[in-house]
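*Asks:* Provided below are the primary sequence and the corresponding predicted coordinates.
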Amino acid sequence: MYVCGITPYDATHLGHAATYLAFDIINRYLRLSGRSIAYIQNITDVDDPLLERANRDGQDWESLAQSQISLFRDDMVSLRILPPDHYMGAVETIPWVLQAISKLMDRNAVYEVEGDLYFDISTDPQFASYTTLTQEEQIAIFAERGGDPNRSGKRHPLDCLIWRGKREGEPEWPSPFGPGRPGWHIECTAIALEYLAAPISIQGGGSDLHFPHHSMCAAEGRVLTDKDFAKRFVHTGMIGLDGEKMSKSKGNLKFVSVMRNDSIDPMALRIALLSGHYRTDRSWSGELLERSQVRLAHWRTALASPYGGDSAALIREIITALSDDLNTPQAFRAIDRWADTRIAALKDSAITSDNVGEIGQVARFLDAALGIAL
Ligand code: ZN
């Protein structure tokens, strides 16, 4: 499983957290079902947004990246997201990118525009076959998400940059094609193919990566390997705030680290973000957080109670729910019902229970399958 990572110029916001939580549930599910899994994630630790932010703030880009990566890792640990097996930065993997570009050159899929190298999308006859966007829409989205459709000298507006030649004041690495730095899409393609054989089982990320990022990776991967790049693409929904889109430009991003500093229990954040289905766009609100805090407290009370509830039935219900396209809302409703029964039993002295020993099993299962430590 290859999941596209962050560009470390800003802390982890709730949208990032929701995405990595969804893949954490997939990772946990696959491991619990006895499959072996290699989970790879990248960090785009050299790219335009990072360099722009460092410039704006008069900060060294490498120390900005390092500080944000460290904050991201702390956020992931606090949310109990299992780390990927390999977590690779673009700056660590430049030899792999150079290899991939050389191979694309051998296949006549690369051309130069004023010292920059572009991937020629026409070399993949199946380019963008996974998207229902029209070409006009593709071009508009490409421009919004880091692309340069109007650059003169390109063969096709959607051809993407794979090596950006040296610029004054920008970091650069030596290469057979002249000094420069890697483009974004080829970075993920190269890292994924270094660890995983095409077609990889899952390529994942937020739904904003569907186009162009994953379509570009798929096209580059197909030209490199003559195979499909991925068997499945998994995209997570966006998190809005009080019904509005959460975005940098609106300045309404909610950061996990800020909420942690406000002593909000990360388990309540985890429950709140997983209480909606991972593929749907959903909204964050103070009310959702409050409801999740109450829910967490309810589950903790139930677990501390010595009475009632069928542990084996609960575990079965959770597995059934997760097997249905990771239906975490349904799994949580099953835990609610189980908790209700136990709390009701506590109040009803007529009921006695013989399942005290199974409670450890429930606690361990909630931890293993859902990452929820009570
Ligand atoms: Zn990626």
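*Replies:* Sure, I can see it.
*Asks:* find the residue closest to Lys245 in space, skipping its chain neighbours.
*Replies:* Closest residue in space to Lys245, ignoring its immediate chain neighbours: Met238 at 7.1 Å, by Cβ to Cβ, 6 or more residues apart in numbering. Bear in mind the C-beta positions are built from the backbone N, C-alpha and C, glycine included.
*Asks:* give the contact list for that neighbour.
*Replies:* With contacts taken as Cβ atoms under 8 Å, 6 or more residues apart in numbering, Met238 has the following neighbours: 15, 206-208, 245-246, 281.
*Asks:* show me the shaky parts of the stretch 201-350 of the chain.
*Replies:* Low-confidence regions of the stretch 201-350 of the chain, defined here as pLDDT under 70, cover residues 349-350.
*Asks:* how much space between the closest residue to the ion within it and Asp60?
*Replies:* Per Cβ to the ion, the residue of the stretch 201-350 of the chain with the smallest distance to the ion is His213, at 5.5 Å. As for His213, its distance to Asp60 is 27 Å (criterion: Cβ to Cβ, to the nearest Å).
*Asks:* again with Arg232
*Replies:* Taking Cβ to Cβ as the measure, Arg232 falls 39 Å from Asp60.
*Asks:* what does Glu187 give?
*Replies:* When Cβ to Cβ is applied, the distance between Glu187 and Asp60 equals 21 Å.
*Asks:* if we ignore the residues flanking it in sequence, what's nearest Thr93?
*Replies:* Excluding the flanking residues, the one nearest Thr93 by Cβ to Cβ, 6+ apart is Ile191, at 5.4 Å.
*Asks:* ok, and the closest non-adjacent residue to Leu253?
*Replies:* Spatial nearest neighbour of Leu253, chain neighbours left out: His13 (4.3 Å); criterion: Cβ to Cβ, 6+ apart.
*Asks:* actually, Pro182.
*Replies:* The spatially closest residue to Pro182, leaving aside those adjacent along the chain, is Val97, at 4.4 Å (Cβ to Cβ, 6+ apart).
*Asks:* how about Ile186?
*Replies:* Once flanking residues are discounted, Ile186 sits nearest to Ile162: 4.3 Å by Cβ to Cβ, 6+ apart.
*Asks:* that's a strand at the one you found, yeah?
*Replies:* Yes: when DSSP: H, G, I helix; E, B strand; the rest coil is applied, Ile162 is found to be in a strand.
*Asks:* list the contacts of it.
*Replies:* If a contact means Cβ under 8 Å, 6+ apart, then Ile162 has 97, 101, 104, 110, 117-119, 182-183, 185-186, 220 as its contacts.
*Asks:* quick one: the strands in the stretch 201-350 of the chain?
*Replies:* Shown for the stretch 201-350 of the chain, the strands assigned by DSSP state E, counting those that start in this stretch span residues 230-236, 239-241, 244-245, 282-284.
*Asks:* hmm, back to that, compare Glu187 and Asp60 (neighbour count), which wins?
*Replies:* Neighbours were tallied for Glu187 and for Asp60 using other Cβ atoms under 10 Å; the higher tally belongs to Glu187 (29 against 10).
*Asks:* chain center to the host helix or strand of that one, what's the gap?
*Replies:* Here Glu187, judged by DSSP states H and E, is contained in helix 184-195. With Cα atoms, centre = their mean, to the nearest Å as the basis, helix 184-195 stands 15 Å off its chain's centre.
*Asks:* how close does the residue nearest to Lys245 get to Phe332?
*Replies:* In this structure, Met238 and Phe332 are separated by 21 Å, where distance is defined by Cβ to Cβ.
*Asks:* need the residues of this structure near the ion, please.
*Replies:* 4, 188 (Cβ under 5 Å from the ion).
*Asks:* care to break the chain down by domain?
*Replies:* 2-239, 265-370 (automatic domain parsing).
*Asks:* export the ones you listed to TSV and tack on distance to Lys254?
*Replies:* Rendered in TSV, the data for the domains of the chain read as follows (distance: least, Cβ to Cβ, whole Å):
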stretch	distance to Lys254
domain 2-239	5
domain 265-370	6
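*Asks:* off-centre distance for stretch 290-301?
*Replies:* Between the mean C-alpha position of stretch 290-301 and that of its chain there is a distance of 26 Å (Cα atoms, centre = their mean).
*Asks:* what does stretch 309-324 give?
*Replies:* 26 Å.
*Asks:* got the contact list for that stretch?
*Replies:* 25, 29, 302, 327-328, 330-331, 334-335, 338-339, 341-342, 345, 353, 355, 358-359, 361-362, 365-366, 369-370.
*Asks:* using the three-state scheme, assign the closest residue in space to Gly371 that isn't next to it in sequence.
*Replies:* Counting by Cβ to Cβ, 6+ apart, Arg80 is the residue found nearest to Gly371 once chain neighbours are left out, at 4.4 Å. Classification of Arg80 using three-state DSSP returns coil.
*Asks:* repeat that for the one 4 residues further on.
*Replies:* Judged by three-state DSSP, the three-state class of Pro84 is coil.
*Asks:* I'd say it and Ile43 touch.
*Replies:* No: proximity of Pro84 to Ile43 does not meet the contact threshold set by Cβ atoms under 8 Å, at 10.4 Å.
*Asks:* who's more crowded, those two?
*Replies:* Taking neighbours as other Cβ under 10 Å, Pro84 and Ile43 compare with Ile43 leading, 24 against 21.
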